[in-house]
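Asks: Predicted structure and sequence below. I'll ask about it afterward.
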Amino acid sequence: MKTFLALLLFTSAFSFAQNTIEDDITTIEDKLIEWRRHFHQNPELSNREFKTADKIAAHLKSLGLKVETGIAKTGVVAILQGDLQGKVVALRADIDALPVTERNTLSFKSNVKTTFLNTETGVMHACGHDTHIAILMATAEVLSKHKDKIKGTVKFIFQPAEEGPPPGEEGGAKLMIKEGVLENPKVDAIFGLHINAGTPVGIIKYKKGGIMASVERFVIDVKGKQTHGSQPWSGVDPILISAKIIDGLQTIISREAKLTNEAAVITVGKITAGTRFNIIPETAQMIGTVRTLDTNMRAMIERRMTEMTETIAKAYGGEATISFRNQTSITYNDPDLTDKMLPSLQNVAGAKNVQIMKATTGGEDFSYFQEIVPGIYFFLGGMSPNDASKGAFPHHTPDFMIDESGMLLGVKAFTQLTLDYLNN
């Protein structure tokens, strides 16, 4: 029965590509590239995407869509009502850039400079969000020309601050949800994509269930007793305690976490302590991240980190406290929805080019949408064939690069998913 349903869905999906929609997608590629290059050359940081939002909104209004701006500070949402009544599907693109100084010779290279956390830095779309914006703008234009083929409503969500709002501010998917982005009209399902520099152009990668990890930020404050560096016995060394805590935390992963179920990571990324070479300080602070793909494992790791931090500090004569702050939840692809929509992805990319991937310990705040409504998040190939042998530069680096020829498949995938979900 499942095989028959999958075949039926595939057949229905295939029929959409046989009319003017396919032509509209093909002919929009020049615009797609132009938009992407504009956003790449004019990047803006999280919660500061003012000009980015203005350009997005102007385009959506030109299509005759109902447009709202200023959602979650700089977010833009547009509504496309089909000619027939039906469900509501949302498509999401993130729009913020990173505090990274670009290092290449592109004609549209970013030369934007700013001050981020008291440090002078460049600003760069070093994670491909510029391509996401362009892909969703193109999808909106294509679908707006075919309202007669839409049974239901499409909600286009251009989300700010996916990389995280500045300290002391709210932002991102959480704030959009708080301000009602999934209501009026109420969303039934949501789709999102991420271009990937390490995946060849033409390939789509997906996974049912947890595809990206939850991200927790933790802070450990250690208190010792200050003394002269030549007389450690007269004080309590918080730096030594910190070292022991770091060592202990890694045993949670290597000896307690059941890694055959899902991956998990504990990383201490920053240590702050001391003022002078010959003084043992009073305090030390560690900041790091925990990545998990299973809610039970996440709870166990947090519990054991708390126990271990307090116990180790006490064993060495000091004190320590740990606090956690959730950055993202587990990006979880609804299994039933994924099975239902898989033929749509296979139709636009070819069955052999839609590949199952292993989960990644990166995080995505798209996960917050998926906690409310069923959703699918997938990866779109953005690696040039020329880079296949040597490998591509990672995301979030100055040399990050995307092959623009991969973007059109993103438009096809979003369009096909939308039409198949609403009409089947």
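Replies: That came in fine, so what should we check first? All of these numbers come straight from a predicted model, not from anything done at the bench.
Asks: Downstream of the lowest-mean-pLDDT helix or strand in the chain, the next helix or strand is which one?
Replies: Every helix and strand of the chain was ranked by mean pLDDT, DSSP states H and E. The lowest is helix 2-16, at a mean of 44. Sequence order places helix 20-27 as the next helix or strand after helix 2-16, per DSSP states H and E.
Asks: What count of nearby residues applies to Ile239?
Replies: 16 (other Cβ atoms under 10 Å). (Each C-beta comes from the backbone N, C-alpha and C, glycine too.)
Asks: Keeping just the C-alphas, turn the helix or strand containing it into PDB.
Replies: Following DSSP H and E, one finds Ile239 within helix 238-251. What follows is helix 238-251, C-alpha atoms only, in PDB (Å, rounded to 0.1, in the frame of the first residue of the first chain):
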ATOM      1  CA  PRO A 238      40.600  27.900  40.000                       C
ATOM      2  CA  ILE A 239      42.700  27.300  36.800                       C
ATOM      3  CA  LEU A 240      43.700  23.900  38.000                       C
ATOM      4  CA  ILE A 241      40.100  23.100  38.900                       C
ATOM      5  CA  SER A 242      38.900  24.300  35.500                       C
ATOM      6  CA  ALA A 243      41.400  21.900  33.800                       C
ATOM      7  CA  LYS A 244      40.100  19.000  35.900                       C
ATOM      8  CA  ILE A 245      36.500  19.900  35.100                       C
ATOM      9  CA  ILE A 246      37.300  20.000  31.400                       C
ATOM     10  CA  ASP A 247      38.900  16.600  31.600                       C
ATOM     11  CA  GLY A 248      36.000  15.200  33.500                       C
ATOM     12  CA  LEU A 249      33.400  16.600  31.200                       C
ATOM     13  CA  GLN A 250      34.900  14.700  28.200                       C
ATOM     14  CA  THR A 251      34.400  11.400  30.000                       C
END
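Asks: Mean confidence (pLDDT) on stretch 370-386, please.
Replies: Mean per-residue pLDDT for stretch 370-386: 95.
Asks: again, but for stretch 54-62
Replies: pLDDT averaged over stretch 54-62 gives 98.
Asks: picking up where we left off before, now the helix holding Ile239: buried residues?
Replies: Residues Pro238, Ile239, Leu240, Ile241, Ser242, Ala243, Lys244, Ile245, Ile246, Gly248, Leu249 are the ones in helix 238-251 that count as buried (16 or more other Cβ atoms under 10 Å).
Asks: could those go into a markdown table alongside pLDDT and distance to Pro281?
Replies: Output for those, formatted as a markdown table (pLDDT from 0 to 100; distance: Cβ to Cβ, whole Å):
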| residue | pLDDT | distance to Pro281 |
| --- | --- | --- |
| Pro238 | 98 | 6 |
| Ile239 | 98 | 7 |
| Leu240 | 98 | 11 |
| Ile241 | 98 | 11 |
| Ser242 | 98 | 11 |
| Ala243 | 98 | 14 |
| Lys244 | 98 | 16 |
| Ile245 | 98 | 16 |
| Ile246 | 98 | 17 |
| Gly248 | 98 | 21 |
| Leu249 | 98 | 21 |
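Asks: between those residues, which is closest to Asp221?
Replies: Pro238 (9.2 Å; Cβ to Cβ).
Asks: Tabulate the buried residues of helix 238-251 (a markdown table), appending distance to Asn42.
Replies: Listed next are those as a markdown table, based on distance: Cβ to Cβ, whole Å:
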| residue | distance to Asn42 |
| --- | --- |
| Pro238 | 45 |
| Ile239 | 44 |
| Leu240 | 49 |
| Ile241 | 47 |
| Ser242 | 42 |
| Ala243 | 45 |
| Lys244 | 48 |
| Ile245 | 44 |
| Ile246 | 41 |
| Gly248 | 47 |
| Leu249 | 41 |
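Asks: what's next to stretch 328-336, contact-wise?
Replies: Contacts to stretch 328-336, defined as Cβ atoms under 8 Å, 6 or more residues apart in numbering, come from residues 206-215, 292-295, 363-368, 370-371, 374-378.
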